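>>> predicted model, plus sequence, below.
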Amino acid sequence: MPRIAYFDCLSGISGDMTLGALIDAGADVKKIESAVQSMGLPEVSITASEVKKYGFRAVSVQIDHPPEHAHRHLHHITDMIDGATEISPAAKTLAKKIFQEVAVAEAKVHGSTLEKVHFHEVGAIDSIADIVGAAVALVSLGIDEVQSSPVPTGTGSITIAHGKVSIPAPATAEILKGVPIAACDVEAELTTPTGAAILKAQATRFGSLPAMTIDAIGFGAGTKDLPSQANVLRVLIGTVTGSDSTSIESDQVVMLETNIDDCTAEQLAGAAERLMSAGALDVFQTPCVMKKGRSGALFSVLAPTHLVDELESLLFAATSTIGIRRQTLDRHKLARQDSSVETKFGTITGKTVTLPSGTQRFKPDHDAVEKIAMEKGELASDVRLAAQSKFTE
């Protein structure tokens, strides 16, 4: 069964909290230290100790190293990772993926490029150790998948290398695009760029705790003491059960809905087309009877989380509605991939989906089927049947 790590981010996430939680869950701190030292950082030492946060025990990680003032670029860090002798290939790939998330965000907010952008806080040795250490720990614990709760960022402001900024810091906010944010009124920076990047690079789903059998739990301590809750990251590790198999992917979407009785069918069709072009996952209408017995339509738009505001504005502009409802929904999807089959009519493209049982099913693309049917003078149903039969041979 696939092994999963669920990140419970009630008090946010940072690099040191992640590393502490994974060490508490069973990762070997000495192996992590050796891995970091092999990057050309022999004087770095990593220690883990138990602390109390608001009455709860957690592991705090301390990273000691000589003073430095280096501002590293992405290629510097990549070269350090590639040259490390005590980091597995899988951990190297993951660490570089995490740094790539940070670099893309930093380049965007500073109007630079991946080649020219340089890291400040994230390029420091302790942050390098946090990211590489987390990658080494996740691989050593045999984690196949990472899932997470929605992420709180905190409120207020902090001072960084570029001056005073609002929370979430610009790079953190950029990294968290598309990630569900949890409402939080704690006046502190709860989620750092490092923590956000670890999740963005790994997490396949954000939502509630999945169906799983837990065999290890780790608590990683943050540096601050919060006034009303424990500043800890909890990581639950175990195996997925039931429908939470690797053939089922999970994410969150937002349903935008409105009841309309004063738009023509042409207007609603035009609105649906514009919404789909703007990135909606699906748009559909359900006939309904509204107040005073008027016929209407329940107009529904399934939106990815990062496009909700844009699609809502378009829905207001393209229809006569004056009110829209929002619902955040957990969504499960069968794993799928583009594929094709060779039939007597020609090549038919489509998608192959994997069922929880492990068996596969092929669904021909409707437009491809119709095009070949028209070219060959055949019935679309015969072309579709031929494609499905060829796949099952």
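Great, that's in hand.
>>> what segments of the stretch 201-350 of the chain are helices?
Ranges of helices in the stretch 201-350 of the chain, per DSSP state H, counting those that start in this stretch, are 265-277, 308-318.
>>> and of those, who's closest to residue 168?
The closest of these to residue 168 is helix 308-318. By Cβ to Cβ, the value is 16.8 Å. Bear in mind the C-beta positions are built from the backbone N, C-alpha and C, glycine included.
>>> the closest residue to residue 180 other than its chain neighbours: how many residues sit nearby?
Distances taken as Cβ to Cβ, 6 or more residues apart in numbering place residue 150 nearest to residue 180, at 4.0 Å, with adjacent residues excluded. Using other Cβ atoms under 10 Å, residue 150 has 17 other residues around it.
>>> same question for residue 326.
Neighbour tally, residue 326, other Cβ under 10 Å: 11.
>>> read off the pLDDT value for it.
Looking at residue 326, its pLDDT stands at 93.
>>> quick check: beta-bridge partners of it?
Applying DSSP bridges to residue 326 yields these beta-bridge partners: residue 256.
>>> how near is it to residue 379?
43 Å (Cβ to Cβ, to the nearest Å).
>>> for residue 5, same thing?
According to Cβ to Cβ, residue 5 and residue 379 sit 50 Å apart.
>>> okay, domains of this protein per the record?
Domain ranges of the chain: 3-246, 249-323, 335-392, per automatic domain parsing.
>>> need the winner for burial among those.
Neighbour counts (mean count of other Cβ atoms under 10 Å) averaged over each of these peak at domain 3-246, with a mean of 19.
>>> can you pull the contacts of the residue nearest to residue 218 when sequence neighbours are not counted?
Spatial nearest neighbour of residue 218, excluding adjacent residues (Cβ to Cβ, 6+ apart): residue 25 at 3.1 Å. Residues counted as contacts of residue 25 (Cβ atoms under 8 Å, 6 or more residues apart in numbering) are 5, 141, 216-218, 235, 237.
>>> got it, and residue 31?
86, 136, 140.
>>> next: residue 353.
Contacts of residue 353 (Cβ under 8 Å, 6+ apart): 334-336, 360-361, 363.
>>> same check, this time on residue 384
364, 369.
>>> pretty sure the residue nearest to residue 180 contacts residue 206?
Yes: between residue 150 and residue 206 there is a contact under Cβ atoms under 8 Å: 5.7 Å.
>>> and for the two, which residues touch both?
What both residue 150 and residue 206 touch, as defined by Cβ under 8 Å, 6+ apart, is the set 179-180.
>>> could you pick out the longest helix of the chain?
helix 89-110 (DSSP state H).
>>> which helices and strands sit right next to the helix or strand that that helix is followed by?
Next along the chain after helix 89-110, taking DSSP states H and E as the criterion, comes helix 125-140. When contacts are defined as 3 or more Cβ pairs under 8 Å, 6 or more residues apart in numbering; DSSP states H and E, helix 125-140 sits against helix 15-24, helix 29-37, strand 56-64, helix 74-82, helix 89-110, helix 193-202.
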